[in-house]
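> After the sequence you'll find the predicted model.
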Amino acid sequence: MNLNRLARMAKDLVDKNGDKIAAGVNKATDIVDRKTKGKHHQKLEKIDDAARKLDKGPGGRDAGGPGPDRPPAG
């Protein structure tokens, strides 16, 4: 399998499942945030923001919405 085909397959998977990836990352960072008692909260928020960019569905960051389980910025 060549690298271009592998990259295309990975992109297709992310495009189709970005909402699930973002939700899973959000769940994981919430757990880490609780376990560390907020010590790394800012870094975890950056990770959540990056993962939300993968969500192209309704309400996702790329659709112009605030993302799953997140209030609008402001």
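The structure has been received and is ready for your questions. Keep in mind the model is a prediction, meaning the values are calculated, not measured. Residues are numbered from 1 along each chain as shown.

> quick one: secondary structure of K56?
Judged by DSSP: H, G, I helix; E, B strand; the rest coil, the three-state class of K56 is coil.

> Tell me which stretches of this structure form helices.
Using DSSP state H, the helices of the chain run over 3-35, 41-52.

> could these go into TSV alongside mean neighbour count and mean pLDDT?
From N, CA and C alone the C-beta is placed, and that goes for glycine too. Putting those into TSV (neighbours: other CB atoms under 10 Å; pLDDT from 0 to 100) gives the following:
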stretch	mean neighbour count	mean pLDDT
helix 3-35	13	94
helix 41-52	15	94
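
> Can you tell me how far the most centrally placed residue in the chain is from V32?
Taking CA atoms, centre = their mean as the criterion, A51 is the residue nearest the geometric centre of the chain, at 2.0 Å. Plainly put, A51 is 13 Å away from V32 if you go by CB to CB, to the nearest Å.

> Can you verify my assumption that the residue nearest to the centre of the chain contacts A28?
No - between A51 and A28 there is no contact under CB atoms under 8 Å: 9.3 Å.

> ok so, going back, show me what contacts the residue nearest to the centre of the chain?
For A51, the contact set (CB atoms under 8 Å, 6 or more residues apart in numbering) comprises 21-22, 25-26.
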